[in-house]
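# Just a sequence and a predicted model for now, questions to come.
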Amino acid sequence: MVQRSPTYVVSRPAEDKIANTLRKLLPEKWAYAITRLKNTTLSGYFYRQTRSQPAKTKAQLLGMATANLGEEMVKAHFTPSYNPWDQRMCLIPDGDLYQSINEGSAEVVTGDIETWTEEGLVMKDGTEVTADIIVTATGINLTVMSGIAFDLDGQAVNFPDTFTYKGMMYSGLPNMAHTFGYINASWTLRADLTAEYVCRLLNHMTGQQQAVVTPTLRAEDAGMPTGDWIQDFSAGYMRRMMHLFPKQGRDPWRNTQDYKLDKKMIRQAPIEDGVLVFAEAGAANTAAVDDSPALTKVA
């Protein structure tokens, strides 16, 4: 594995023994609910520790890696320049990467690539890496809304001019919801909340005979502090594209990346909140990508 710079590599059990035990003792639905609560609580706690005590958390993670690989290997190839969860972390099941390195069946090379060769590649420090097959895994470029071009009444929608509503809808843009998960937890946690909310919103609109819903900035939102779509995350592929994404403000104009907060803001908050503006069919315009009164949901 050739890497430009190290990342955090954390070993966790491939099987959840607590979950497996609960399945034997409890109905499947109960076992699932308890396991989900355990995992979300622990992952949330760990993430908050990385924010409040980054140095301590970094020392703990590097200590676990050192116990498996030794100080020299960890210092050379597994000590990032940033704090935990400033960028995404790598999870390995049952320490399989550690085992492969110790057995000699896997090798890590850290540094910049100088050039390709017929046999593989050469690093800038002169190290030659031979290979039969090379898989490139770098250079990611984010696209806004999956690269779809939206327009409203013939006018192109410029998403940097919009504010995100609860991380799923956008100011001034009617009848559209967009799924964007968590960068610091399971992606599907947020996807589930979004799908649940969209269903609740559609049921509300059906019950009230409404066909159009538009998140609308209020007078009190004028001049509110703004922030990037994703904050507190230093990965280059994120930082270089944030200017193309919607903005954040104060609640409910938030994309929190916090499951505990999102449950309150998305699941528990009322639909009628003074921000969503509803109308009957024909009373307001809908986005050109959607000819029906139902919400367009882009995953």
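That came through fine.

# Let me see the domain layout of this protein.
2-130, 144-298 (automatic domain parsing).

# For Gly120, give me phi and psi.
Phi and psi for Gly120, reported as degrees, to the nearest 10, are phi 160, psi -110.

# Adjust the sequence numbering to begin at 41 for everything that follows.
From this message on, residue numbering opens at 41, which makes the last subject Gly160.

# related to what we said a few turns ago, which one, of the domains of the chain, ends up nearest to Thr176?
Nearest of those to Thr176, taken as CB to CB: domain 42-170 at 10.0 Å. (C-beta placed from N, C-alpha, C; glycine too.)

# Just the endpoints, please. Distance across the closest one?
11 Å (CA to CA, to the nearest Å).

# pLDDT averaged over it - what is it?
Per-region confidence: domain 42-170 scores 93 on mean pLDDT.

# ranges for the helices of the stretch 41-190 of the chain?
In the stretch 41-190 of the chain, the helices defined using DSSP state H, counting those that start in this stretch lie at 57-65, 68-92, 94-109, 111-117, 136-143.

# need the ones you listed in JSON lines with mean neighbour count and distance to Phe203, can you?
Formatted as JSON lines, the helices of the stretch 41-190 of the chain follow (neighbours: other CB atoms under 10 Å; distance: least, CB to CB, whole Å):
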{"stretch": "helix 57-65", "mean neighbour count": "12", "distance to Phe203": "39"}
{"stretch": "helix 68-92", "mean neighbour count": "14", "distance to Phe203": "24"}
{"stretch": "helix 94-109", "mean neighbour count": "16", "distance to Phe203": "30"}
{"stretch": "helix 111-117", "mean neighbour count": "15", "distance to Phe203": "42"}
{"stretch": "helix 136-143", "mean neighbour count": "15", "distance to Phe203": "41"}
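
# now those helices in TSV, with distance to Leu229?
Shown next, in TSV, are the helices of the stretch 41-190 of the chain (distance: least, CB to CB, whole Å):
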stretch	distance to Leu229
helix 57-65	16
helix 68-92	7
helix 94-109	21
helix 111-117	31
helix 136-143	25
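
# These: which one's closest to Ile223?
Taking CB to CB, helix 68-92 is the member of these nearest to Ile223, at 10.3 Å.

# For the closest one, what is the distance to the chain centroid?
Here helix 68-92 is found 16 Å from its chain centre; the criterion is CA atoms, centre = their mean, to the nearest Å.

# Ok, stretch 95-110 next?
So, by CA atoms, centre = their mean, the centroid of stretch 95-110 is 25 Å from its chain's centroid.

# So what touches that stretch?
48-51, 86, 89-90, 114, 118-119, 123-124, 135, 138, 141-142 (CB atoms under 8 Å, 6 or more residues apart in numbering).

# Most widely separated two among the residues you listed?
Distance extremes for the contacts of stretch 95-110: the farthest pair is Gln89 and Asn142 at 28.5 Å, using CB to CB.

# contacting residues around the residue positioned nearest the centre of the chain?
The centroid of the chain falls nearest to Ile223 when counting by CA atoms, centre = their mean (2.4 Å). By CB under 8 Å, 6+ apart, the contact set of Ile223 is Arg128, Ile270, Phe273, Met278, Gln297.

# just Met209 next, same as before
Met216, Ala217, His218, Pro255.

# wait, Asp56 sits on Thr75?
Yes: the pair Asp56 / Thr75 is scored as a contact, 6.7 Å apart, by CB atoms under 8 Å.

# May I ask which helix or strand encompasses Val238?
Element membership for Val238 (DSSP states H and E) is helix 227-247.

# so what strands line up beside whichever helix or strand comes after that helix?
Sequence-wise, the next helix or strand downstream of helix 227-247 (DSSP H and E) is strand 252-255. Strand pairing for strand 252-255, using DSSP bridges, gives strand 316-319 (antiparallel).

# Mind listing what's buried along the partner strand?
By 16 or more other CB atoms under 10 Å, the buried positions in strand 316-319 come out as Leu316, Phe318, Ala319.

# would JSON lines of these with pLDDT and distance to Gly194 be doable?
Converted to JSON lines, the buried residues of strand 316-319 look like this (pLDDT from 0 to 100; distance: CB to CB, whole Å):
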{"residue": "Leu316", "pLDDT": "96", "distance to Gly194": "24"}
{"residue": "Phe318", "pLDDT": "95", "distance to Gly194": "24"}
{"residue": "Ala319", "pLDDT": "93", "distance to Gly194": "20"}
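
# Low-confidence stretches in the stretch 191-339 of the chain?
Low-confidence segments of the stretch 191-339 of the chain, defined by pLDDT under 70, span residues 322-339.

# hey, where'd the helices end up in it?
Remark: helices assigned in the stretch 191-339 of the chain by DSSP H, counting those that start in this stretch are 227-247, 276-279, 299-302.

# buried residues in the longest one?
So that's helix 227-247. Neighbour count says helix 227-247 has 229-235, 237-238, 241-242, 244-245 buried, by 16+ other CB under 10 Å.
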